[in-house]
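Asks: Prediction below, plus the sequence it came from.
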Amino acid sequence: MRKSSWLIGLGSALILGGAACLAWQFWLQHERADAQRHAKEWLDRRSAVPRPAPASPVRRGDVVAEIDIPRLQVSVMVFEGDDLGILAKGAGHIPGTALPGTALPSGSGNIGIAAHRDTYFRPLRSVHANDVISLKTAAGTSRYMVTETKIVRPSDIGVLAPVPGRDLTLVTCYPFFYFGSAPERFIVHARKVG
Amino acid sequence: MNTRLNALCLGGILALVPFLAQPVRADEWNKKTEFEFSGPVQIPGKVLAAGKYVFQLEDSESDRYIVQVFSEDSNGKESLVATLIAVPEYREETPDKPMVRFDERPAGTPEAIHSWFYPGDNTGWQFVYPKGETLGTAANMTPAPAPVTAAAAPSMPDPPQVQDAEPTDKEVAEVEEEVTAAEPAAPAAPAAEVALVPTPEADSQAGADRMLPETGGLSVLELAIGLSMVVGGIAVVSASRRTSAVLSEAPGAKE
């Protein structure tokens, strides 16, 4: 009888712990959806009113763009920054790379965007050459075409360098199915087509 | 008669109240704003020595982006220092006090004024610098317009302290220092945007301590753990109940 009550206690603890874990995940999901919705509304409002391109430096957490990959049904808001807090609520613009919405000629700037491989960028595992990526900012929408994908080490930041034909680079962790900190990065290069 | 006169006077006073309480401010039109810099600062083509300056728009209805900078001497007399062409800069957050934003400049050169905002306006005026313009403290220095206290002449490159004297509410101006704009601005593109474009050289220099962002979330793992715990817990509880039921139904089990 004593063993039975001990087991019931253990089972109840597991249920409570599991429920707390799930509740935490649902809360994070809600926060993410909320951040995405607010960011989208904000960007739509700004896009509706013609304004000069933002001239001031963006700050961490600012909404910089919305990225769409129609074939993969990816649509996610991009915030400034690439730390865990930013990537928890959407995609992040990698500081130090070209800013979406700037009128830079092809080859003179490479926009770097990162997102989690287990949320927004998971569909990137099915990306292939010639897929169209659109980047909407307050200044307008730009279209890019995927030219290349590759797997690199996390230290290979040369993939973010602006070289001709490389105007947008997406970064996510690789392998796509991996518990913990993934050892490699999956890179998608795209060039501007319009 | 007296009653009528009193009513007339009262009406007149009441009619004047709005004007007395809120004097017409020319500042709203020309956005006249006074700043006091404690150290030299740079504007396009000039370095302003520490002192008081007035920023205002040229009196033009057609072009609202011509900024005049006046120096103010100790007697309050203003003299024109520069007339600058600015471009609009939008700011999401409405400033409630005059605000100046600075660009960073190399060590030993004055901070450069990137833009200024009038209180209540989301759109400010961004100064356009010729590409590569970095003026030294001696070159193109505007003579100090007002006596400067010892504390108001710091060694560079500390960002200058700014105090506004206009509008009349005497609030202290908010100073925002642009930490990301490390390179001079090109006329066509805002400073920060140019600075945000890395060069391969910069990449290789930073390669030792920079990494691609870590994008491996734990949400799937946490979900799996949570689900496993709930399922496991339910299994344990039901197994324990089944065991108890079996034991209680067993022959010889005590009530």
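Replies: Right, received. Where do you want to start?
Asks: The longest helix along chain B packs against which elements?
Replies: When chain B is parsed with DSSP state H, its longest helix is helix B:219-249. Judged by 3 or more Cβ pairs under 8 Å, 6 or more residues apart in numbering or on different chains; DSSP states H and E, helix B:219-249 is in contact with helix A:2-48. C-betas here are computed from N, CA, C, even on glycine.
Asks: now the helix it packs on against helix B:219-249, angle please.
Replies: 150 degrees (axes from the mean of the first three to the mean of the last three Cα atoms, to 10 degrees).
Asks: Determine the set of other helices and strands touching helix A:2-48.
Replies: Using 3+ Cβ pairs under 8 Å, 6+ apart: helix A:2-48 touches strand A:63-69, strand A:74-80, strand A:132-137, helix B:219-249.
Asks: Backbone dihedrals for the residue most central in space within chain A, please?
Replies: Centroid-nearest residue in chain A: A:Ala91, 2.3 Å away (criterion: Cα atoms, centre = their mean). Taking degrees, to the nearest 10, you get phi -80, psi 160 for the backbone angles of A:Ala91.
Asks: check contacts around the residue lying closest to it once chain neighbours are set aside.
Replies: Excluding the flanking residues, the one nearest A:Ala91 by Cβ to Cβ, 6 or more residues apart in numbering or on different chains is A:Ala115, at 3.8 Å. Residues in contact with A:Ala115 (Cβ atoms under 8 Å, 6 or more residues apart in numbering or on different chains) are A:Val76, A:Leu87, A:Gly90, A:Ala91, A:Gly92, A:Phe121, A:Leu170, A:Thr172, B:Thr215.
Asks: And the pLDDT at residue 111?
Replies: All of this is about chain A. Listed pLDDT for A:Ile111 reads 93.
Asks: sorry, should have said chain B
Replies: The per-residue pLDDT reported for B:Glu111 equals 83.
Asks: and it, how many residues sit next to it?
Replies: Neighbourhood size, B:Glu111 [other Cβ atoms under 10 Å in any protein chain shown]: 23.
Asks: Leaving aside the residues adjacent along the chain, what's closest to it?
Replies: Leaving aside its sequence neighbours, B:Glu111 sits nearest to B:Phe102 (Cβ to Cβ, 6+ apart; 4.4 Å).
Asks: Return the set of residues that bridge with that neighbour.
Replies: Listed by DSSP bridges, the beta-bridge partners for B:Phe102 are B:Ile113, B:Glu177.
Asks: B:Ile113 is in contact with that one, correct?
Replies: Yes - counting by Cβ atoms under 8 Å, B:Ile113 is a contact partner of B:Phe102 at 6.2 Å.
Asks: so where's chain A uncertain?
Replies: Scanning chain A for pLDDT under 70 picks out A:1-2, A:49-57, A:103-108.
Asks: Buried residues of the longest helix of chain B, list them for me.
Replies: B:219-220, B:223, B:225-226, B:229-230, B:232-233, B:236-237, B:240, B:244 (16 or more other Cβ atoms under 10 Å in any protein chain shown).
Asks: Looking at those, which is nearest A:His128?
Replies: Nearest to A:His128, judged by Cβ to Cβ, of these is B:Val220 at 24.0 Å.
Asks: mind checking the SS state of the closest residue to that closest one other than its chain neighbours?
Replies: With sequence-adjacent residues excluded and distances taken as Cβ to Cβ, 6+ apart, B:Val220 is closest to A:Asp118, at 4.8 Å. What DSSP: H, G, I helix; E, B strand; the rest coil gives for A:Asp118 is coil.
Asks: my guess is A:Asp118 contacts B:Ser219, does it?
Replies: Yes - with contacts counted by Cβ under 8 Å, A:Asp118 reaches B:Ser219, the gap being 5.7 Å.
Asks: if I look at A:Ile157, how far off is B:Ser79?
Replies: 51 Å (Cβ to Cβ, to the nearest Å).
Asks: Looking at the two, which is more packed in?
Replies: A count of neighbours by other Cβ under 10 Å puts A:Ile157 above the other of A:Ile157 and B:Ser79, at 25 against 11.
Asks: one step back: in helices, which of the contacts of A:Ala115 appear?
Replies: Those of those lying in helices (DSSP H): A:Leu87.
Asks: Longest strand of the chain, counting residues only.
Replies: Picking chain A for this. strand A:140-152 (DSSP state E).
Asks: let's do chain B instead
Replies: From DSSP E, the single longest strand across chain B is strand B:78-90.
Asks: any idea of the angle that one forms with helix A:2-48?
Replies: 120 degrees.
Asks: So for B:Lys52, what's the pLDDT?
Replies: Predicted confidence (pLDDT) for B:Lys52: 87.
Asks: State the helix or strand in which it lies.
Replies: Per DSSP states H and E: B:Lys52 is located in strand B:51-57.
Asks: Compute the first-to-last residue distance for stretch A:117-127.
Replies: Using Cα to Cα, to the nearest Å, one end of stretch A:117-127 lies 13 Å from the other.
Asks: was I right about B:Gln56 contacting B:Trp29?
Replies: No - taking Cβ under 8 Å as the definition, B:Gln56 is not a contact partner of B:Trp29, at 9.3 Å.
Asks: Please identify which of those two sits among more neighbours.
Replies: Shown here are B:Gln56 and B:Trp29; by other Cβ under 10 Å, B:Gln56 has more neighbours (21 against 13).
Asks: Roughly how far does that one sit from B:Gly76?
Replies: B:Gln56 is 15 Å from B:Gly76, by Cβ to Cβ.
Asks: what's the answer for B:Leu218, then?
Replies: For B:Leu218 relative to B:Gly76 (Cβ to Cβ), the value is 63 Å.
Asks: more crowded one of these two?
Replies: It is B:Leu218, of B:Leu218 and B:Gly76, that has more neighbours when counted by other Cβ under 10 Å, with 15 against 9.
Asks: Let me see the contact set for A:Val127.
Replies: A:Ile69, A:Leu72, A:Val146, A:Thr149, A:Val188.
Asks: Next one: B:Ala253, what pLDDT does it get?
Replies: At B:Ala253, pLDDT is 55.
Asks: Give me the packing partners of the strand or helix carrying B:Glu36, helices and strands only.
Replies: Per DSSP H and E: B:Glu36 is located in strand B:33-37. With contacts taken as 3+ Cβ pairs under 8 Å, 6+ apart, strand B:33-37 sits against strand B:51-57, strand B:162-164.
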